[in-house]
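[1] Have a look at this fold, sequence not included:
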């Protein structure tokens, strides 16, 4: 009888441990998914900001080059040395 009670108690403790491990594992998976989602959103935001920044830089370069070559053309036309 004592042996049976001891085995029953061990089984209950093992079941409790398995249940707790399962809960902890599920919580960790949820945390990792949330973190992954956050990272993904953060990277998307960073990508958009970088794209905007480089687009602006390209526009500035384009305007500068356009201005420079317009001045060169005007200078050529004035001097007639094209």
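    Great, that's in hand. Since the model is a prediction, treat every value here as computed from it, not as a measurement. Residues are numbered from 1 along each chain as shown.
[2] Please give the element, helix or strand, for the residue sitting nearest the centre point of the chain.
    Nearest to the geometric centre of the chain sits residue 43, at 2.6 Å (CA atoms, centre = their mean). Assigning secondary structure by DSSP states H and E places residue 43 in helix 2-79.
[3] Show me what that helix is packed against.
    Helices and strands touching helix 2-79, as assessed by 3 or more CB pairs under 8 Å, 6 or more residues apart in numbering; DSSP states H and E, are absent. C-beta here means a position set from N, CA and C on the backbone, and glycine is covered the same way.
[4] Return the distance of it from the chain's centre.
    Centre-to-centre, helix 2-79 and its host chain are 1 Å apart (CA atoms, centre = their mean, to the nearest Å).
[5] any idea of the mean pLDDT in that helix?
    Mean pLDDT, helix 2-79: 96.
[6] re earlier: got the contact list for the residue nearest to the centre of the chain?
    Going by CB atoms under 8 Å, 6 or more residues apart in numbering, residue 43 touches no other residue.
[7] Tell me how far it lies from residue 30.
    To residue 30, residue 43 is 21 Å away according to CB to CB, to the nearest Å.
[8] Over to residue 59?
    In terms of CB to CB, residue 59 sits 44 Å off from residue 30.
[9] How about residue 19?
    For residue 19 relative to residue 30 (CB to CB), the value is 17 Å.
[10] what does residue 54 give?
    Distance from residue 54 to residue 30, by CB to CB: 37 Å.
[11] Quickly note the distance from residue 39 to residue 50.
    For residue 39, the distance to residue 50 (CB to CB) stands at 16 Å.
[12] Residue 21 too?
    42 Å.
[13] Kindly report the same for residue 63.
    20 Å.
[14] and if you look at residue 4?
    Residue 4 is 68 Å from residue 50, by CB to CB.
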